[in-house]
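K.L.:
I would like the atomic coordinates for the input below:
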Amino acid sequence: MTNKLRNILFSAAVFGLLIPTSQATLAAEIPLDRVAAVVNDGIIMQSELAQRTAIVKEQLSARNTKLPPEHILHKQVLNRLIIDSIQKQLAAKQGIRVTEGQLDAAIARIAAQNSLSLDQFRDALIAEGRDYNQAREQIRNEMLISNVQQNLVNRRIRVSEQELENFLNSASGQEQTSAEYLLGHILLATPSQASPEAIQKAEREANEVFKKLKSGADFAEMAVEFSNAPNALKGGDLGWRKVNELPEVLGNAIRKLSPGEFSKPVRSPSGFHILLAKDKRGGAVQLVPQRLVSHILLKPSEIRTSNQAKHQITQLYQRIQSGEKFATLAKEYSDDPASGSEGGSLGWTQDGQMVPEFEQVMNNTVVGQVSVPFESRFGWHILTVLDTRTQDLGAQMQENQARAAIRKRKYNEELTNWLREIRSQAYVDIKE
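P.N.:
Numbers count the residues shown, from 1 in each chain. Got it, this is the predicted structure:
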């Protein structure tokens, strides 16, 4: 496989699992399939487990990460498939889905990030023996799981005014322009109501991992083998994070690290953490470009399909082009009650506040122009940009950043708790 394609496939995967499976790997699958696990109303086949294990092995090999013992890798991959199955079943129950338009937009972004057209991206996959339709479905599944997590975990998070005030007065709150760290993460988890014996066991395991790291063990390899975090199979990679986006106990540990250093085991309610500061970058953004935006949203519903919503939003677009007022139509037709009552106004908006599909159109729309209809996970939109400005980071901006940082801090912790809960509440029968 070429390095270029491998990079493309790495960037395609939301959870780092979209790696091309060679024909030789597929040929080596077990010819007589059987059930590996029953998960609620779904099943995981042995062939699926074998294929995903092969994919993970190829991914780790591409990153020069030593493979853990076969039985440990097998257990980690099966657990990930079980968690994924539970989340996909939740998506079906909640009506959460990824449309063809959203999937096409995501694949277009992946291709563009690698300086390829869609045709070139497709050809690159096919040239490496990868089935393009299979790759699309894998990307769809990973987007679906991400959407489930965003929807269901965010519902559990509340930020009170007192929390906001406390944060703004804290050291973290005054680090709004703080440096970011490229982080690695290993979690030795403990149950929500762990016994003293369970806590001591997790602490011993964390100390053993720490000793191995001090003796020169590779951090990514230790994460794959021992971590209970959702990103374990990515070598514990957390990406770039600001200190104030992490739980306070972890943020305090990170502040003491220089690039290349890792922390001693740090305890939080979810278990014992070891953090690696891979890199650090600093600097504050003093000015923020903003756009004054209005939109009209039409959501698919029980009485209106996505195609019907698209047809209706296209009619509204044509009426605006013929001279009707955007604000008047927004008040009458928009399914966004908050902005609809204000003539579609979303106020001054900057990057990071809207979903990617919306921001892409917003940033490419000229002042005074109305966008053509486009789709996001919320439904079909048209938008108009009324004005632009560059705004200094003032008190309101700091408050917005603080609220977002608190939510993100809580989200990271809550996601781990939520995954543990849905796993414990599910019916799982492992057949091996």
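K.L.:
And the longest helix seen in the chain, what does it pack against?
P.N.:
In terms of residue count, the longest helix belonging to the chain (DSSP state H) is helix 395-425. Here helix 395-425 touches helix 70-94, helix 132-154, helix 161-168, strand 180-189, going by 3 or more CB pairs under 8 Å, 6 or more residues apart in numbering; DSSP states H and E. Heads up, the C-betas are built off the backbone N, CA and C, glycines and all.
K.L.:
out of these, deepest packed?
P.N.:
strand 180-189 (a mean of 23; mean count of other CB atoms under 10 Å).
K.L.:
thinking again about what came up before, compile the helices and strands packed on helix 395-425 into JSON lines and extend it with columns for distance to Asp33 and mean pLDDT.
P.N.:
Formatted as JSON lines, the helices and strands packed on helix 395-425 follow (distance: least, CB to CB, whole Å; pLDDT from 0 to 100):
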{"stretch": "helix 70-94", "distance to Asp33": "15", "mean pLDDT": "93"}
{"stretch": "helix 132-154", "distance to Asp33": "17", "mean pLDDT": "90"}
{"stretch": "helix 161-168", "distance to Asp33": "51", "mean pLDDT": "84"}
{"stretch": "strand 180-189", "distance to Asp33": "32", "mean pLDDT": "92"}
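K.L.:
Out of those, flag the one nearest Val209.
P.N.:
Of all the helices and strands packed on helix 395-425, strand 180-189 sits nearest to Val209, with 6.2 Å by CB to CB.
K.L.:
got the angle between the closest one and helix 395-425?
P.N.:
If you take axes from the mean of the first three to the mean of the last three CA atoms, to 10 degrees, strand 180-189 sits at 30 degrees to helix 395-425.
K.L.:
CA atoms of strand 180-189 as PDB?
P.N.:
C-alpha atoms of strand 180-189 as PDB (Å, rounded to 0.1, in the frame of the first residue of the first chain):
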ATOM      1  CA  GLU A 180      -2.700  23.200  23.300                       C
ATOM      2  CA  TYR A 181      -1.100  19.800  23.800                       C
ATOM      3  CA  LEU A 182      -1.100  16.800  21.500                       C
ATOM      4  CA  LEU A 183      -2.000  14.100  23.900                       C
ATOM      5  CA  GLY A 184      -1.800  10.300  24.400                       C
ATOM      6  CA  HIS A 185      -4.000   8.700  27.000                       C
ATOM      7  CA  ILE A 186      -4.200   5.400  28.800                       C
ATOM      8  CA  LEU A 187      -7.100   4.600  31.100                       C
ATOM      9  CA  LEU A 188      -7.300   1.800  33.600                       C
ATOM     10  CA  ALA A 189     -11.000   2.100  34.300                       C
END
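K.L.:
Can you list the strands that that strand pairs with?
P.N.:
Sheet pairing here is set by DSSP bridges, and for strand 180-189 it gives strand 237-242 (antiparallel), strand 271-281 (antiparallel).
K.L.:
so how far is it off the chain centroid?
P.N.:
16 Å (CA atoms, centre = their mean, to the nearest Å).
K.L.:
Report the next helix or strand after it in sequence order.
P.N.:
helix 196-214 (DSSP states H and E).
K.L.:
That next one - contacts with which helices or strands?
P.N.:
Checking 3+ CB pairs under 8 Å, 6+ apart, helix 196-214 ends up next to strand 180-189, helix 219-226, strand 271-281.
K.L.:
quick one: the strands in the stretch 201-350 of the chain?
P.N.:
Assigned strands in the stretch 201-350 of the chain, in chain order: 237-242, 266-268, 271-281, 287-298, 345-349 (criterion: DSSP state E, counting those that start in this stretch).
K.L.:
buried sites along the third one?
P.N.:
Put plainly, it is strand 271-281. Neighbour-count burial for strand 271-281 flags 271-278, 280 (criterion: 16 or more other CB atoms under 10 Å).
K.L.:
same thing with the shortest one?
P.N.:
Burial within strand 266-268, assessed by neighbour count using 16+ other CB under 10 Å, is assigned to 266, 268.
K.L.:
Same check on the longest one?
P.N.:
The neighbour-count check on strand 287-298 (16+ other CB under 10 Å) flags 288, 290-298 as buried.
K.L.:
Run the angle between that strand and helix 395-425 for me.
P.N.:
Using the same axes, to 10 degrees: strand 287-298 against helix 395-425 is 60 degrees.
K.L.:
hmm, back to that, out of the helices and strands packed on helix 196-214, flag the one nearest Ala108.
P.N.:
strand 180-189 (26.8 Å).
K.L.:
Between the helices and strands packed on helix 395-425, which one is closest to Asn244.
P.N.:
helix 161-168 (7.8 Å).
K.L.:
which residues are contacting stretch 235-244?
P.N.:
Residues from elsewhere that reach stretch 235-244 (CB atoms under 8 Å, 6 or more residues apart in numbering): 16, 60, 63, 65, 167, 172-173, 175-176, 178-186, 219-224, 227, 229, 231, 251, 254-255, 276, 281, 402, 405, 409.
K.L.:
Try it again at 6 Å.
P.N.:
65, 172, 175, 178, 180, 182-186, 220, 223, 227, 231, 251, 254, 405 (CB atoms under 6 Å, 6 or more residues apart in numbering).
K.L.:
My read is that Thr349 contacts His295, right?
P.N.:
No: with contact defined as CB atoms under 6 Å, Thr349 does not reach His295; the gap is 9.8 Å.
K.L.:
I'd like the distance from the closest residue to Pro230 other than its chain neighbours to Gln318, if you could.
P.N.:
Distances taken as CB to CB, 6 or more residues apart in numbering put Leu419 closest to Pro230, at 6.1 Å, once the chain neighbours are dropped. Relative to Gln318, Leu419 is positioned 46 Å away (CB to CB, to the nearest Å).
K.L.:
Next: Ala105.
P.N.:
From Ala105 to Gln318 the distance is 23 Å (CB to CB).
K.L.:
More neighbours: which of the two?
P.N.:
Between Ala105 and Gln318, counted using other CB atoms under 10 Å, the more crowded position is Ala105 (17 against 11).
K.L.:
Quick check: what element follows the strand or helix carrying the more buried one along the chain?
P.N.:
Using DSSP H and E, Ala105 falls within helix 100-113. Where DSSP H and E defines the elements, the next helix or strand beyond helix 100-113 is helix 118-127.
K.L.:
now that next one against helix 100-113, angle please.
P.N.:
Using the same axes, to 10 degrees: helix 118-127 against helix 100-113 is 80 degrees.
K.L.:
what packs against helix 118-127?
P.N.:
helix 132-154 (3 or more CB pairs under 6 Å, 6 or more residues apart in numbering; DSSP states H and E).
K.L.:
For the helix it packs on, what is the distance to the chain centroid?
P.N.:
With CA atoms, centre = their mean as the basis, the mean position of helix 132-154 lies at 9 Å from the chain mean.
K.L.:
what does stretch 299-317 give?
P.N.:
Remark: stretch 299-317 is offset 28 Å from the chain centroid, using CA atoms, centre = their mean.
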